[in-house]
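**Q** For reference, the sequence and a predicted model appear below.
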Amino acid sequence: MGEQAVGNGSEIQRELPVAIHAQISDRFRSRIASGEWPANYRLKSEPELSRELGVSRGTLRRAMTTLIEEGLLKQVRGRGTFVTSTTIEPAIAQKLSTLTEDFANQGIETNTEVIEATLIDPPRPIAALLDVGPGGSVLKLVRRRSTVEGPVALLYNYVRADLAPGIQKVDFSKASLFGALEGQFGLKIASARRTFSARAAEGNVAEYLELPTGSPVQYLEQVTYLSDDRPIEYSDVWIHSGRLRVTSLLSRR
């Protein structure tokens, strides 16, 4: 039996003089170019994509191989296929801990100010990274963390509300995000993809970190996964470089 078209907006047009695997490559390429699939977005599994597209896994693999060779996708053993970032990302192995946990372990007293904690319809790139479908909502949590020296970090977290119903009622001026997810909602956080880069402080970042506009800050982007591989949280974190250094403990594999 030949490969069938499907009616979910991903139709394969068999009548066109274009190979099916090439149509799939073009479709995926367009999603990456438009931002619908942002950097570090994890594609669905091969069986799921094959079913959605109505094609064989062999045809799907040929399409994905094309995009891997173009550098648009990459496969990580045991994790899946991801959209490639446009920047170089050396792999860094380190313990998955939060700023709150790191400060506590070092005996540093911090104050957390909750600037916003509301349920929102997530922007499309974040919805894609968190696998949130149409009509789904996430908690947008904006916090500023300070020590006696002043503000050290501005954190924007987006958390799937379907996996933590009622999370918007948690007092995050006292509770840590991971602590609430694990302790109050019984979720098991297992892994994360974390990327660091240098940025210039602009707008709210400069204001909340009390820095002149254009000052250098460390930027951290993270997608966190549960033990069953579902994404639970996406975060943007800006760190005051003059007050806080990020150190990684590494081991050679």
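**A** Thanks, I have the structure now.

**Q** Tell me the predicted confidence for the most centrally placed residue in the chain.
**A** Nearest to the mean C-alpha position of the chain, by Cα atoms, centre = their mean, lies Val223 at 3.2 Å. Looking at Val223, its pLDDT stands at 91.

**Q** residues contacting it?
**A** Val223 makes contact with Asn40, Leu129, Leu130, Ala192, Arg193, Pro231, Glu233, Tyr234 under the criterion Cβ atoms under 8 Å, 6 or more residues apart in numbering. To be clear about C-beta, it is placed using only N, CA and C from the backbone, and glycine gets the same treatment.

**Q** same thing with Phe172?
**A** Phe172 sits next to Thr112, Val114, Ala117, Leu141, Arg143, Ala180 when contact means Cβ under 8 Å, 6+ apart.

**Q** In helices, which of the residues you listed appear?
**A** Mapping the contacts of Phe172 onto helices (DSSP state H) picks out Ala180.

**Q** residues of stretch 137-156 that come out buried?
**A** Residues 137-147, 151-156 are the ones in stretch 137-156 that count as buried (16 or more other Cβ atoms under 10 Å).

**Q** Then stretch 67-74?
**A** Buried-residue list, stretch 67-74, by 16+ other Cβ under 10 Å: Leu67, Leu72, Leu73.

**Q** Please apply the same query to stretch 121-138.
**A** Along stretch 121-138, these residues count as buried under the neighbour rule (16+ other Cβ under 10 Å): Pro122, Ile126, Ala127, Ala128, Leu129, Leu130, Val132, Ser137, Val138.

**Q** Find the helix or strand that the second one is a member of.
**A** Ile126 is part of helix 124-129 when elements are defined by DSSP states H and E.

**Q** Put the alpha carbons of that helix into CSV.
**A** Extracted in CSV, the C-alpha atoms of helix 124-129 (Å, rounded to 0.1, in the frame of the first residue of the first chain):
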residue,chain,number,x,y,z
ARG,A,124,4.7,29.9,20.0
PRO,A,125,8.4,29.1,20.4
ILE,A,126,7.9,28.3,24.1
ALA,A,127,4.8,26.3,23.4
ALA,A,128,6.8,24.3,20.9
LEU,A,129,9.7,23.7,23.4
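
**Q** what's the model's confidence in it, averaged?
**A** Computed over helix 124-129, the mean pLDDT rounds to 91.

**Q** what packs against it?
**A** When contacts are defined as 3 or more Cβ pairs under 8 Å, 6 or more residues apart in numbering; DSSP states H and E, helix 124-129 sits against strand 231-240.

**Q** Thanks a lot, see you next time.
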